[in-house]
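Visitor: Build me a structure from this.
(chains A and B)
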Amino acid sequence: MTTDTATEIGIDRNVGDFSYPESHAYDAGYGLTPATIDYISKVKDEAEWIREFRHRALDVFNSKPMPTHWASKDLNSIVFENIRYYLANGQRATRSWDEVPDDVKRTFERLGIPEQERKFLAGVEAQFDSEAVYSNIKKAVGDQGVIFCGPADGLRDHPEIFRKWFGKVIPTGDNKFSALNSAVFSGGSFIYVPPGVKVKHPLQAYFRINAENFGQFERTLIIADEGAEVMYMEGCTAPKFETATLHSAVVELVALKGAKIQYVTVQNWSANVFNLVTKRAIAHEEAEVKWIDCNIGSRLTMKYPGVVLKGRKSRGEVLSIALANDGQHQDTGAKMIHAADETSSNIISKSISIGKGRSTYRGLVHIPKHLKGCRNNTECDALLINSNSRTDTYPAITVRGTGNSSQHEASVSQVSAEQIFYMQQRGLTKAQAMSLSVNGFVNDLVRQFPMEYSVELKRLIDLEMEGSVG
Amino acid sequence: MPMSPAVLDLEEMQHTQAEDSGPLVTSGPANGESEHDSAWLRETRAAGWETFTALPMPVRTDENWRFASIKALSLAAFSRPLPLTEAQRNELRARSQGLDRVAGRMIFGNDQLLSREVFSEDLRQKGVIWLPLEQAAVEHPEIFKKHFMREEAILGGQKFAALHQSQARAGAFLYVPRGVEVELPLETFHWLHGANSSCFPHTLVVAEEMSKVTVIDHFASADSEAPGFACGVNDLWLGTGAHVTYVCAQDWSRHTLAFQINSTVAGRDASAKMLTLNLGGGHARGESISHLRGAGSRSDMLAVSIADGEQEFDQRTFQIHEAPHTSSDLLYKNSLDDKARTIFSGLIRVDRKAHQTDAYQKVRNLLLSDEAEANSAPGLEIEANDVRCTHGATSGQIEGEELFYLQSRGINRADAQRLIVLGFVQEVIDRIGNDQIAACLGERVQAKFEGSRRSR
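Guide: This next block holds a predicted model:
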């Protein structure tokens, strides 16, 4: 396939490309100083220990260099002084849809939240810039004792549950951007599922950046107590601004004995967002954590969801799909840290590079000594659509001892010209044929996604091929 | 071809050793033998020394040194190549037992040429140039200058490549003219002798259009307990349609810090095959780069590492597809016992224009003990879309059933394990396609297993 199909296959990012005039009651201004942190902490009326936590994190952030010795040099394009770190209209998430301000409501209506909520969502938290604006857990879930709130509420109202794990899965100093998040975090979801409770429907959150030069730093902490099960889904969008926008979240998951957590992300930021996210889970004995990670938008995404397999027979899984178009670099991957016997991990990553897009898989698998019966399987497949697309794979695997095994396979290929030719002579347009082929490439992975997300993904890919004829 | 002894050329070198053997790191560039030194080589060494002193030592955060034990890299203890007595020279000559049938053999000890033997009439009649490095620089300056240290070490070993350049005196220069096929392998021995001595083996192969040659280097320490430092470079240049097979069998002492830096440049439709056998060394690092520069070229990159004790084998590879219709196939196998560590970090890069590339990379680790550690980082960087690139990395252990089967046939457990490891690495050794070399390497692997370090 040597013809230039970049124009034929451009992923549609217009669905989220709209914004409203901003009129924020709270605005921390541009730049990041200790005063910014005091402002955020004061506005949010936080406990002293949180303010101190933020200040310490700021010091760590300032002391850490940009990780450009291994990561993309594009990180240096982020000008931290030009970013606004906190913007909000009010402090409390409103409980009823009617109380949400009209313009914000219009934004979310265009994103289709209330409708989706009616259909299958147990609870929705929508974050607009720095704070959650709408939050409602269906009564049934609340009655089961499930807590679903923001970090401010969580740390204030349920410190006995959340403080114990807050910043423990991902310490402040984990990396430069987890430190940044720890300094200025606002919004996000804190979820606690009591022992044995199986949340039937997924909990869901939407994140949206509406303001230019704004950085969004939500913080999510999900604790599934013994034997509990929960699925969490998040979607992200932002309008297209002229200047770069920063999204840097920290997501911590704790699956206690026998618990199951599934975390689904469909990331569709506009192509000027730096999306630098740290996601990690701790899986205790016989627990299961599954990250399903879809990266379609953003300018540069760096995200490597990880699982620390702390308990015997725990299991971690990362399923990742990345799609990089012109001007985009999807630097995604997975980390699996085996820390107990008989733990198993599975990583399946599929990436598609279109036009001048670049996708990168970066992985880490660590099986230290004296463990027995640990298994890792990693598969990375990359599809290159155009002759100037690019893909990279950088796995790193450390295995010690005789009781464990690891296998890694990766392949790079292109859409087969014969396949396209075959489908075209059966009457399909070239775009339809490409669409079918690309969908086929990701199909076995997409099938494992929650239904509504797999439908959405398929539709997104189809959309690209539409009208691409000629 | 006769069974050798008809020696056509035999030069036993008796030169005097005038140099002092001070600490290596403050020694400055090496001085060559006065009769065999070119001004150009002297300048090149001085430039190498300048680069060496200017570059920093590697640090842990450098991606090219990820997983490596940086602490093991200190050069402070080592001296310049130590002088040898006549008795020592004779001993090393006698211990240089390699292949039975070779076209020629050169022996170096602590970078001093001990002997050069030519057995094959082919070499002289067909215009093959096969000379010690310094002599080649004087007698064939044009070809030498064009190829000596012309490819940059880009896998982290820049400083050590520069050090090598500043000290390079020893090694074989081989030039095979157009259309010439050298039937038997050419072999070179490099010995480290004495405590804390250093050596800088250089192998330079220039194979012209449609030529064919096989070269083997044997590296060893005279005393299996002596600490030492070896820092070698081997560069292979293949013209259109040339076939070069190169084998490097490394058996330094367990207290040797060793670097071996390779670049292979393959021209149009050329085919390069390189196999490294890692047996010795305390910390041995290999950097190997294949430039698939001409359309239709191919490179086979092979390695077998048998690591035990506290050995660390650090292998970095780079398959660079610079032209269309090129293929590369890498297979590295590591067997790890005791507290051994191996590192494999490899990258395949496919340039924008290199369509119809077929690149493959596979590393397999066989862990034999609970303390052994295998690190694998197989990487891909692909910028062309009409390609087929795959890589794989596996780490595992011997299955209990396999051992049980062999034990049930009366083979004790330790022997059974060795047999399985031999079978595991044989596949790689066989790919060299030369029975004589395969047998020689197989014997060395067995000898290592038997624990008795050969006294060759």
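Visitor: bridging residues for residue 203?
Guide: If you meant another chain, say so; for now it's chain A. Note on A:Leu203: beta-bridge partners by DSSP bridges are A:Gly123, A:Tyr232.
Visitor: sorry, should have said chain B
Guide: On the basis of DSSP bridges, B:Thr203 is bridged to B:Ala172, B:Asn234.
Visitor: which stretches of chain A have low pLDDT?
Guide: Across chain A, the ranges flagged by pLDDT under 70 are A:1-25, A:89-140, A:208-213, A:236-243, A:450-453, A:455-457, A:459-470.
Visitor: domains for it, by residue range?
Guide: Residue ranges for the domains of chain A, per automatic domain parsing: A:15-420, A:421-470.
Visitor: Make TSV from the ones you listed and add mean neighbour count and distance to B:Ala195 to it.
Guide: All C-beta atoms are positioned from the backbone trio N, CA, C, and that covers glycine. Putting those into TSV (neighbours: other Cβ atoms under 10 Å in any protein chain shown; distance: least, Cβ to Cβ, whole Å) gives the following:
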stretch	mean neighbour count	distance to B:Ala195
domain A:15-420	21	33
domain A:421-470	16	58
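Visitor: With respect to B:Val128, which of those domains lies nearest?
Guide: Closest to B:Val128 of those, according to Cβ to Cβ: domain A:15-420, at 40.9 Å.
Visitor: Can you give the distance from that closest one to the centre of its chain?
Guide: Relative to the mean C-alpha coordinate of its chain, domain A:15-420 is positioned 4 Å out (Cα atoms, centre = their mean, to the nearest Å).
Visitor: residues contacting B:Gln315?
Guide: With contact set as Cβ atoms under 8 Å, 6 or more residues apart in numbering or on different chains, B:Gln315 has these partners: B:276, B:278, B:285-288, B:303, B:305, B:332, B:342-346.
Visitor: Is it correct that it falls within a helix?
Guide: No. Under DSSP: H, G, I helix; E, B strand; the rest coil, B:Gln315 falls outside any helix and is assigned strand.
Visitor: How much space separates it from chain A?
Guide: Using Cβ to the nearest Cβ, to the nearest Å, we find B:Gln315 at a distance of 14 Å from chain A.
Visitor: pLDDT at that residue, what is it?
Guide: Note on B:Gln315: pLDDT of 97.
Visitor: so what's the residue nearest the centre of chain B bridging to?
Guide: When Cα atoms, centre = their mean is applied to chain B, the residue found nearest the centroid is B:Cys248 (4.0 Å). For B:Cys248, the beta-bridge partners under DSSP bridges are B:Asp217, B:Thr276.
Visitor: ok, so of the contacts of B:Gln315, who is nearest chain A?
Guide: Chain A has its nearest neighbour among these in B:Ser345, at 8.1 Å by Cβ to the nearest Cβ.
Visitor: quick one: strands adjacent to the one helix or strand that closest one maps to?
Guide: Element membership of B:Ser345, judged by DSSP states H and E, is strand B:341-350. Applying DSSP bridges, strand B:341-350 is found paired with strand B:312-321 (parallel), strand B:373-382 (parallel).
Visitor: quick check, B:Ala438 in a helix?
Guide: Yes. Applying three-state DSSP, one finds B:Ala438 inside a helix.
Visitor: Need the contact partners of the lengthiest helix in chain B.
Guide: When chain B is parsed with DSSP state H, its longest helix is helix B:413-430. With Cβ under 8 Å, 6+ apart as the test, helix B:413-430 has contacts from B:275, B:277, B:302-304, B:306, B:331-333, B:335, B:364, B:366, B:368, B:398, B:402-403, B:406-407, B:411, B:438, B:441-442, B:445-446, B:449.
Visitor: Could you tell me which of the residues you listed belong to strands?
Guide: Among those, the subset assigned to strands under DSSP state E consists of B:Leu275, B:Leu277, B:Leu302, B:Ala303, B:Val304, B:Ile306, B:Leu331, B:Tyr332, B:Lys333, B:Ser335, B:Arg364, B:Leu366.
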